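Visitor: Predicted structure and sequence below. I'll ask about it afterward.
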Amino acid sequence: MKMLSAEAAGRAGTFVYRTARLLERRRFEYLFRSGSAAAVLAALAAYRNADGGYGNALEPDGRGPGSQPITTLSALHVLFEAGAAPDGVVEYLESVTADDGGLPFVHPNAAEFPRAPWWQIADGYEGELLTTANLVAALWRAGVVHPWVDRAAEFCWAGVDAITETHPYEAMGVVRFLDQAPDRDRAAAAAERIGALVRAAGYVRLGTGGVTPPGYADGELQDPHDYAPTPSSLARAWFTDEEFESSLDSVVDAQGEDGGWRVRWPAWAPVTEFEWAGVVTVENLVLLRDFGRWDPEVY
């Protein structure tokens with residue numbers, strides 16, 4: 001079992017201070033030093049819009065100012081981390097919900113602004129399971145009770161029940177949904193079925209094996225820890241102990257000489273490489289901490 005050394009953790013902290021956005025610097029300080037939640041929330045507030053959603057390149061691949069569902073998901077993650085209620089977020093999501101009850105991946109207000117090539121605006125305005133499942137999960141986790149959440153959950157359950165084949169990002173969104181679903185028996189049964197589809201398709205990196213799905217970049221294949229980022233995730237049961245420990249070893253090994261970690265998808269603009277690197281560096285420090293691979297007391 002590989003551990004993140006004190007020296008490596010120190011390099012990660014230096015990387016955050018050298019290259020990351022103010023938000024990731026504040027998160028790093030709050031999570032691993034003596035920083036305040038108020039400082040995190042002040043940094044996050046710069047990305048919020050009057051409609052209650054979030055935009056302004058909080059999610060680095062969408063550079064436009066308008067609120068986006070997937071960008072608001074990033075905000076919900078930070079709000080929960082800082083112990084803050086997601087006030088006004090449900091009202092924003094309700095305002096951009098499609099007629100089918102779901103949320104699109106990219107809202108059309110991104111059309112005139114720079115964005116990643118994979119931020120494609122669909123011809124029709126329809127909900128996507130990937131987006132909606134992630135957002136419902138985040139709201140459930142935050143303890144939000146609202147009729148919109150119930151309706152969106154029905155959209156998600158219908159989508160989950162209809163899955164006969166999937167792809168990694170959709171499967172990860174579904175697992176996040178199932179991890180938070182109130183009906184634990186139904187969630188466990190669905191997770192077992194989705195895990196079998198992922199394993200049968202080979203959509204997971206195990207050593208040097210794995211199948212990169214159509215439309216994914218070379219090397220973008222997900223690892224076991226991507227499906228199960230917390231010890232309590234239902235997706236943890238998809239993998240043997242040996243497979244999962246090897247997956248965490250790979251995170252330790254992937255740290256760069258500069259102290260940071262990088263995403264696996266292409267950097268389509270120079271700024272996105274380092275904006276994403278700051279995000280993933282903080283996230284990997286959290287991951288390794290939660291699985292006992294380093295002791296934050298080194299800071």
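Guide: Nice, thanks for sending it over. Note that the coordinates shown come from a computational prediction; the quantities given were computed from them, not determined experimentally.

Visitor: hmm, who's touching stretch 162-178?
Guide: Stretch 162-178 is touched from outside by 129-131, 133-134, 136-138, 153, 156, 160, 187-188, 190-191, 193-194, 197-198, 201, 203-204, 213, 215-216, 221-222, 226-228, 233-235, with contacts defined as Cβ atoms under 8 Å, 6 or more residues apart in numbering. C-beta here means a position set from N, CA and C on the backbone, and glycine is covered the same way.

Visitor: quick one: that stretch to chain centroid distance?
Guide: Taking Cα atoms, centre = their mean, to the nearest Å, one finds the center of stretch 162-178 at 13 Å from the center of the full chain.

Visitor: can you check stretch 199-211 too?
Guide: Chain-centre distance of stretch 199-211: 20 Å, with Cα atoms, centre = their mean.

Visitor: Let me have that stretch in PDB, keeping just the CA atoms, if that works.
Guide: The C-alpha trace of stretch 199-211 is given here as PDB (Å, rounded to 0.1, in the frame of the first residue of the first chain):
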ATOM      1  CA  ARG A 199     -17.400  -4.500 -15.600                       C
ATOM      2  CA  ALA A 200     -18.700  -6.400 -18.600                       C
ATOM      3  CA  ALA A 201     -18.000  -3.500 -20.900                       C
ATOM      4  CA  GLY A 202     -14.400  -3.200 -19.500                       C
ATOM      5  CA  TYR A 203     -15.100   0.500 -18.700                       C
ATOM      6  CA  VAL A 204     -12.600   0.600 -15.800                       C
ATOM      7  CA  ARG A 205      -8.800   0.800 -15.700                       C
ATOM      8  CA  LEU A 206      -7.400  -2.300 -13.900                       C
ATOM      9  CA  GLY A 207      -3.700  -2.400 -14.300                       C
ATOM     10  CA  THR A 208      -3.000  -2.000 -18.000                       C
ATOM     11  CA  GLY A 209      -6.400  -3.300 -19.000                       C
ATOM     12  CA  GLY A 210      -9.700  -1.500 -19.800                       C
ATOM     13  CA  VAL A 211     -11.700  -0.300 -22.800                       C
END
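
Visitor: Go through that stretch and flag the buried ones.
Guide: Across stretch 199-211, burial judged by 16 or more other Cβ atoms under 10 Å covers 201, 203-206, 210.

Visitor: any idea what sits nearest Asp61, other than its immediate chain neighbours?
Guide: Ala116 (3.7 Å; Cβ to Cβ, 6 or more residues apart in numbering).

Visitor: Can you give me the neighbour number for Pro147?
Guide: Neighbourhood size, Pro147 [other Cβ atoms under 10 Å]: 9.

Visitor: Name the nearest of the buried residues of stretch 199-211 relative to Tyr125.
Guide: Tyr203 (28.5 Å; Cβ to Cβ).

Visitor: which residues touch that closest one?
Guide: Counting by Cβ under 8 Å, 6+ apart, Tyr203 makes contact with 166-168, 171, 210-211, 213, 221-222.

Visitor: Good, wrapping up.
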